[in-house]
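> I'll drop the sequence and a predicted model, then ask my questions.
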Amino acid sequence: MIHYAERATWLTVLGMCAAVSASAQAGSSFDLRSPDNRIEMRIRTARGIRFDVLLKSRALLEDCAISLDVDHRKLGADAKVIDTRESSRDQVLEPVVRQKFAKIRENYKELRLEMDGQYTLVFRAYNEGVAYRWETSFPAKEVKVYSEEMNLTFPSNFIVYYPQEDSFFSHNERKYLPQHLNEILPEFHATLPAVLDTGEGPKIAIAESDIENYPGLWLRGTRGNGLSAIFPPYPLKETLEKDRDFRVTESADYIAVTNGTRTFPWRLMGIAEKDGDLLTNQLVWLLEKPSQLQDTSWIKPGKVAWDWWNANNLYGVNFKAGINTATYKYYIDFASKYGLQYIILDEGWYKLGNVFDVVPEINVEELTAYAKSKNVGIILWVIAKTLDDQLEPALNQFAKWGIRGIKVDFMQRDDQKMIDFFHKVSRETASRKMLVDFHGAQKPASMTRTWPNLISTEGVRGMEWSKWSADAEPKHNVTLPFTRMFLGPMDYTPGAMLNAAKASFSPIHSRPMALGTRCHQLAMYVVFESPLQMLADSPSNYLREPEAMEFLGPVPTEWDETKVLDARIADYVAVARRNGRDWYVGAMTDWTPRELEIDFSFLPEGNFSMTSYQDGVNADRYGSDYKMEKRQVNKTTRLKVKLAPGGGWAARIVP
């Protein structure tokens, strides 16, 4: 079923209504294949529920065990299949917000195993991977889930890009570091996704989708060739430290209190035969609940002039820069000049603890009126706990002011209560026609189909880290498209105009710079997906860079088409994306200088004008060195581009 703003442009549903029901006596082994027959799931129910996953007859996962403990009853332990149903679907969806494509094909085969004991297991095989979920139909209005087992076993000691965490209280901003499976101890748990390198081509991304009224999935090691599920327990007592760290200080021995009849989140394994296929894999989005909004016409993605990263370092102005009305009018003027859709008022616009206590240096009504006259929207930052305490009156006040969206920060959890908070805020902002950008957590990235106004999410080690460390560096940057970005939009906050090589970098909180070259930064606007994309540096710096703004001004944040030109996880990536008739290309490398050949065969017939930005000859020492060129290209063009250490290449191509 296509809900509201998502519609099918063509639809062929095979067997959805007339699926053949089979007797349980058919056996305890089942086989499910993807529509293209490349991927196979072999499911067994004789001694617990187990499955294997194969790609072209090669085992990628084997003898994986799953179960669900509801009210101390272990579903799956003594599994007895009483009915089976097979079906398939093939249709094209048009997403409200075009993160990768204007049209997304949903094509899968499904197997439903109805079990004795009022529960069902649903398995799906897509060309992009496999997924399963539990469904229960218990008469009890409320049940407790004590645990969910998902033991994934791999045939070899694969390398896994593993974002290891210290605890469940986290911003989810870890590095995805490669290590062998057997090096990961059970106490070493991680956020999602974990991406496995099978060593012979295919990559496997472990993730989840459609999380509601349930905690988020984490992973942990097994001391062997496996990963297993772990979940934050249900919070019984929470304590606020300062104004933002709302910690769980007492937990239950269960993970969820939920409805007896419900569907549970999807557990999924995305499968990519080439590294670049991870960038175009839509499995997480496809498995999300369809849009819950009827009217989405007001949802406008765009770019944002952002204050916090650059510490309001304005210059050449006749006022004292800071958190005040004059400063934000300057941001609005800059946004208007270059067609940016929004500005953000980040931390400092209200006195912490009360969003109604606006600092005296800011006149919100004056700013919103001024922004409206310039066709610029205002987004307000707010701490999650403060917002939750004041939610309805605060959002009502924001709506009265004419605020276009909110940026919610410092959740740092994804237990069941926090997952409920994400849905509640998305629903309440949508009812007031406001966007929401969640920071301080990763899980909302897998809710953007359900809530199209949930326009972007953080939960990523982004460029803010360059204010206090050297961790937001090119090697990390070219790992993210294959890992964190698999989940959904990623608010990395790019756009640094002060660009540093390793030797000249220093983390200066009040006057930050970024590791890597200028072209590395420009390419992020094509490679990194965020329908609400920041320009993180000072407007004063951008105004001194008119050539860079020829790219940053028009570059869109939505894409009708995405093509990965060349990619290798943690080494380099080159992507072409289309918006309307315009194409953009972005290429990034780690600290290894490279020469890549850009093949322009993605272009349609005809000649195009290209403005490109390449690393300067001295970019290895002076990161801001670049050269802009203009030339004609067509679909037969082949161009070799040189990327400096930590470098990049970016281009805008127009008819």
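Perfect, thanks for sending it.

> buried ones in the helix or strand harbouring Met418?
Following DSSP states H and E, one finds Met418 within helix 416-431. Buried residues in helix 416-431, counted by 16 or more other Cβ atoms under 10 Å: 416-419, 421-423, 425-430. All C-beta atoms are positioned from the backbone trio N, CA, C, and that covers glycine.

> for this structure, what helix or strand is lowest in average pLDDT?
strand 21-23 (a mean of 37; mean pLDDT, DSSP states H and E).

> need the buried residues of helix 416-431 in JSON lines (columns: pLDDT and distance to Ile403).
Shown next, in JSON lines, are the buried residues of helix 416-431 (pLDDT from 0 to 100; distance: Cβ to Cβ, whole Å):
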{"residue": "Gln416", "pLDDT": "98", "distance to Ile403": "29"}
{"residue": "Lys417", "pLDDT": "98", "distance to Ile403": "26"}
{"residue": "Met418", "pLDDT": "98", "distance to Ile403": "24"}
{"residue": "Ile419", "pLDDT": "98", "distance to Ile403": "25"}
{"residue": "Phe421", "pLDDT": "98", "distance to Ile403": "20"}
{"residue": "Phe422", "pLDDT": "98", "distance to Ile403": "19"}
{"residue": "His423", "pLDDT": "98", "distance to Ile403": "21"}
{"residue": "Val425", "pLDDT": "98", "distance to Ile403": "14"}
{"residue": "Ser426", "pLDDT": "98", "distance to Ile403": "16"}
{"residue": "Arg427", "pLDDT": "98", "distance to Ile403": "17"}
{"residue": "Glu428", "pLDDT": "98", "distance to Ile403": "13"}
{"residue": "Thr429", "pLDDT": "98", "distance to Ile403": "10"}
{"residue": "Ala430", "pLDDT": "98", "distance to Ile403": "14"}
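
> Met418 touches Gln442, doesn't it?
No: using Cβ atoms under 8 Å, Met418 is not in contact with Gln442, being 11.3 Å away.

> point to the residue nearest the middle of the chain.
Gly488 (2.6 Å; Cα atoms, centre = their mean).

> quick check: that one vs Asp277, distance?
For Gly488, the distance to Asp277 equals 17 Å [Cβ to Cβ, to the nearest Å].

> check Asp388 too.
Asp388 is 39 Å from Asp277, by Cβ to Cβ.

> likewise for Leu286?
15 Å.

> who's more crowded, those two?
Neighbour totals were compared for Leu286 and Asp277, and Leu286 leads with 22 against 17 (other Cβ atoms under 10 Å).

> so for the more buried one, what's the pLDDT?
pLDDT for Leu286: 98.

> which residues touch the residue nearest to it when sequence neighbours are not counted?
Among residues not flanking Leu286 along the chain, Glu106 sits closest, at 5.4 Å (Cβ to Cβ, 6 or more residues apart in numbering). Glu106 is in contact with 89-93, 286, counting by Cβ atoms under 8 Å, 6 or more residues apart in numbering.

> likewise Gly440?
171, 384, 408-412, 458-459.

> inside helices: which ones of these?
Mapping the contacts of Gly440 onto helices (DSSP state H) picks out Ala384.

> now the contacts of Gly440 in TSV, with distance to Arg484, neighbour count and pLDDT?
Listed next are those as TSV, based on distance: Cβ to Cβ, whole Å; neighbours: other Cβ atoms under 10 Å; pLDDT from 0 to 100:
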residue	distance to Arg484	neighbour count	pLDDT
His171	12	20	97
Ala384	20	23	98
Val408	19	27	98
Asp409	18	22	98
Phe410	19	20	98
Met411	17	29	98
Gln412	17	21	98
Glu458	10	29	97
Gly459	7	29	97
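
> list just the nearest of the contacts of Gly440 to Tyr132.
Using Cβ to Cβ, Gly459 comes nearest to Tyr132 of the contacts of Gly440, at 24.3 Å.

> quick check: the closest one touching Met485?
No: with contact defined as Cβ under 8 Å, Gly459 does not count as touching Met485 (11.1 Å).

> Ile159 contacts Tyr176, doesn't it?
No: Ile159 sits out of contact with Tyr176 when judged by Cβ under 8 Å, with a separation of 11.3 Å.

> who has more neighbours out of the two?
Using other Cβ under 10 Å as the criterion, Ile159 and Tyr176 rank with Tyr176 on top: 23 against 16.

> inside helices: which ones of the contacts of Glu106?
Filtering the contacts of Glu106 for helices - DSSP H - leaves Leu286.

> separate out the buried members of the contacts of Glu106.
89, 91-93, 286.

> which of the residues you listed lies closest to Lys374?
Leu93 (35.2 Å).

> skip the chain neighbours and tell me the closest residue to the closest one.
Ile104 (4.9 Å).

> test my guess that that neighbour contacts Leu287.
No: here Ile104 lies out of contact with Leu287, judged by Cβ under 8 Å, at a distance of 11.9 Å.

> neighbour count: these two, which is higher?
Between Ile104 and Leu287, counted using other Cβ under 10 Å, Leu287 has the larger neighbour count: 24 against 19.

> check contacts around that one.
124, 131, 209-210, 266, 268.

> swap in 6 Å and give it another go.
Contact partners of Leu287, counting by Cβ atoms under 6 Å, 6 or more residues apart in numbering, are 131, 209-210, 266.

> for Leu487, see how far away it is.
12 Å.

> anything in contact with each of these two?
By Cβ under 6 Å, 6+ apart, no residue touches both Leu287 and Leu487.

> which other helices and strands contact the longest strand anywhere in the chain?
Counting residues, the longest strand found in the chain (DSSP state E) is strand 129-153. Using 3 or more Cβ pairs under 6 Å, 6 or more residues apart in numbering; DSSP states H and E as the contact criterion, the elements in contact with strand 129-153 are strand 58-70, strand 119-126, strand 226-230, strand 256-263, strand 266-272.

> touching the helix holding Met418 from outside, list them.
211, 214-215, 234-235, 256, 293, 395, 411, 436, 444, 451, 453-454.

> in strands, which of those residues fall?
235, 256, 436, 454.

> ok, now how distant is the closest residue to the third one other than its chain neighbours from Thr457?
If I follow you right, that is Val436. Closest residue to Val436 apart from its sequence neighbours, by Cβ to Cβ, 6+ apart: Thr429 at 4.7 Å. To Thr457, Thr429 is 14 Å away according to Cβ to Cβ.

> swap in Ala207?
Distance from Ala207 to Thr457, by Cβ to Cβ: 14 Å.

> of the two, who's got more company?
Thr457 (30 against 26).

> quick one: the more buried one and His439 touch, right?
No: counting by Cβ atoms under 6 Å, His439 is not a contact partner of Thr457; they are 7.6 Å apart.

> point out the most buried one among the helices and strands packed on strand 129-153.
The highest mean neighbour count among the helices and strands packed on strand 129-153, using mean count of other Cβ atoms under 10 Å, belongs to strand 266-272: a mean of 24.

> now do whichever helix or strand comes after it: which elements does it pack against?
The element immediately downstream of strand 266-272 (helix or strand, assigned by DSSP H and E) is helix 277-280. For helix 277-280, there is no helix or strand it packs on, judged by 3+ Cβ pairs under 6 Å, 6+ apart.

> avg pLDDT for helix 277-280?
98.

> centre of the chain to it, how far?
Distance of helix 277-280 from its chain centroid, counting by Cα atoms, centre = their mean, to the nearest Å, is 13 Å.

> then stretch 177-186?
The answer for stretch 177-186 is 24 Å, by Cα atoms, centre = their mean.

> buried ones in that stretch?
181, 184.

> what do you get for stretch 611-627?
Those would be 611-616, 619-620, 622-626, for stretch 611-627 by 16+ other Cβ under 10 Å.

> give me the neighbour count for Asp166.
9.

> if you could redo that for Ser34, that was the one I meant.
Around Ser34 there are 21 residues (other Cβ under 10 Å).

> mind checking pLDDT for Glu200?
In this model, Glu200 carries a pLDDT of 81.

> and it, helix, strand or coil?
coil (DSSP: H, G, I helix; E, B strand; the rest coil).

> could you find the closest non-adjacent residue to Asp333?
Lys374 (7.1 Å).

> ok, now how distant is that neighbour from Val317?
Lys374 is 17 Å from Val317, by Cβ to Cβ.
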